[in-house]
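In: When you get a sec, could you give me coordinates for this:
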Amino acid sequence: MLSLAFPAIDPIAISIGPIAIRWYALAYIAGLLLGWRYVVYYCTKTPNIMSKRDIDDLLFWATLGVILGGRLGYILFYNLEYYIENPANILKVWQGGMAFHGGFMGVIVAIILFARKRGISILAVLDAAAVATPIGLFFGRIANFINGELFGRVTDSPLGMVFPHGGPEPRHPSQLYEAALEGLVLFIVLFALSRSAYVRHRPGILGGTFVAGYGISRIIVEFFRQPDAQLGFLTFGATMGQLLSIPMVLVGVGGIIYGMKAAQIETRKLPKDDQAKDGQKA
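Out: Numbers count the residues shown, from 1 in each chain. Got it, this is the predicted structure:
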């Protein structure tokens, strides 16, 4: 059976004595920093919902939401019984165990708290975060691939790869499918939509598009991805990832409809220093 060779990339990117920096950690850092820069760029366009200082603070809130929500989501949705029996391992995030759906909910909570504290439209902040999130998803899935984790189901497709921890049979490189759909394709769609002043001035459309787009992408890729061993296939042969993504599609479509019907948001006046930066980039 023909298959592609799995690139044997060391999961540890940099090692200095006892300190080891993994590609997975670098993926999180790259996703957050590049996402932050892209949100800064997005917010130079009307309606100028946030100043650069706001965005800097939002990065901190979002980071906490991703880490705490991602870990809690994995524990609750994917491996609750294990962590009830081994509570000391809950904090060992370096051993793996983060869930996108949990991280997503964590970021939503963080954004709601942040926006209410700053007096900014919650949906407008969600839109800004949405356009940048595919960047982090892309790097995260590439890191999953390098780690040889979250691989796909057995296949006779010429795209199949023999993963180090996946047995002798070729499997779908589903991490790359997710990087393409959840990362590149979704980023391009949101980038194209965000160029429209009509869309930018109606909070909910971009956020709804991301939520629905991710849900659809995840449902599709789950047909190729190997279910978590401790869960297997669930209701009607669906996976946990698919069951968690179905509500996302419904909520996302609702967000788009709400945004299209909502009144246009007014342009927010930026502080003088941000106005100067905005003018230089125009």
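In: any idea how far Ala115 is from Asp57?
Out: Look at Ala115 and Asp57: by C-beta to C-beta, to the nearest Å, they are 11 Å apart. (Glycine included, C-beta is placed from N, CA and C.)
In: More neighbours: which of the two?
Out: Higher neighbour count among Ala115 and Asp57: Ala115, with 21 against 15, using other C-beta atoms under 10 Å.
In: now the more buried one: how far from Leu59?
Out: For Ala115, the distance to Leu59 - C-beta to C-beta - is 14 Å.
In: cool, and Val199?
Out: Per C-beta to C-beta, Val199 is found 24 Å from Leu59.
In: before we move on, what about Met260?
Out: Separation of Met260 from Leu59 (C-beta to C-beta) stands at 29 Å.
In: just Gly232 next, same as before
Out: Applying C-beta to C-beta to Gly232 and Leu59 gives a distance of 37 Å.
In: Spell out the residue ranges of the helices in this structure.
Out: 23-42, 52-78, 80-85, 100-118, 122-147, 174-178, 186-194, 197-200, 205-221, 240-261, 272-281 (DSSP state H).
In: Quick check: which of the ones you listed is nearest to Pro11?
Out: With C-beta to C-beta as the criterion, Pro11 lies closest to helix 122-147 of those, at 5.0 Å.
In: name the helices or strands packed onto the closest one?
Out: Counting contacts by 3 or more C-beta pairs under 8 Å, 6 or more residues apart in numbering; DSSP states H and E, helix 122-147 packs against helix 23-42, helix 52-78, helix 100-118, helix 174-178, helix 186-194, helix 205-221.
In: Format those as CSV; extra columns: distance to Ala88 and mean pLDDT.
Out: Output for these, formatted as CSV (distance: least, C-beta to C-beta, whole Å; pLDDT from 0 to 100):
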stretch, distance to Ala88, mean pLDDT
helix 23-42, 22, 91
helix 52-78, 13, 89
helix 100-118, 20, 91
helix 174-178, 29, 96
helix 186-194, 37, 97
helix 205-221, 31, 96
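In: wait, doesn't Ile256 sit right on Gly208?
Out: Yes: between Ile256 and Gly208 there is a contact under C-beta atoms under 8 Å: 3.7 Å.
In: Please say which of the two ends up with more neighbours.
Out: More crowded of Ile256 and Gly208, by other C-beta under 10 Å: Gly208, with 24 against 20.
In: I'd guessed that one sits against Lys261; true?
Out: No: assessed by C-beta under 8 Å, Gly208 is found out of contact with Lys261, at 11.7 Å.
In: residues touching Tyr168, list them.
Out: I think there's a mix-up here, since residue 168 is Pro and not Tyr. Counting by C-beta atoms under 8 Å, 6 or more residues apart in numbering, Pro168 touches Val162.
In: Now do it against Ile19, distance only.
Out: According to C-beta to C-beta, Pro168 and Ile19 sit 35 Å apart.
In: Quick check: the gap between the closest residue to Ala130 other than its chain neighbours and Val199.
Out: Using C-beta to C-beta, 6 or more residues apart in numbering and skipping residues adjacent in sequence, the residue nearest Ala130 is Phe210, 3.7 Å away. From Phe210 across to Val199, the span is 12 Å (C-beta to C-beta).
In: Name the residue in these two with the higher neighbour count.
Out: Ranked by neighbour count (other C-beta under 10 Å), Phe210 and Val199 place Phe210 first, with 29 against 20.
In: That one touches Val131, doesn't it?
Out: Yes: between Phe210 and Val131 there is a contact under C-beta under 8 Å: 7.5 Å.
In: got any residues that touch both of the two?
Out: Residues touching both Phe210 and Val131 (C-beta under 8 Å, 6+ apart): Leu190.
In: Tell me how many other residues crowd Ile19.
Out: If you count neighbours by other C-beta under 10 Å, Ile19 ends up with 7.
In: Also His201?
Out: 18.
In: and it, what does it touch?
Out: Contacts of His201 (C-beta under 8 Å, 6+ apart): Thr46, Pro47, Gln264, Ile265.
In: gap between it and Ile75?
Out: Distance of His201 to Ile75, given as C-beta to C-beta: 40 Å.
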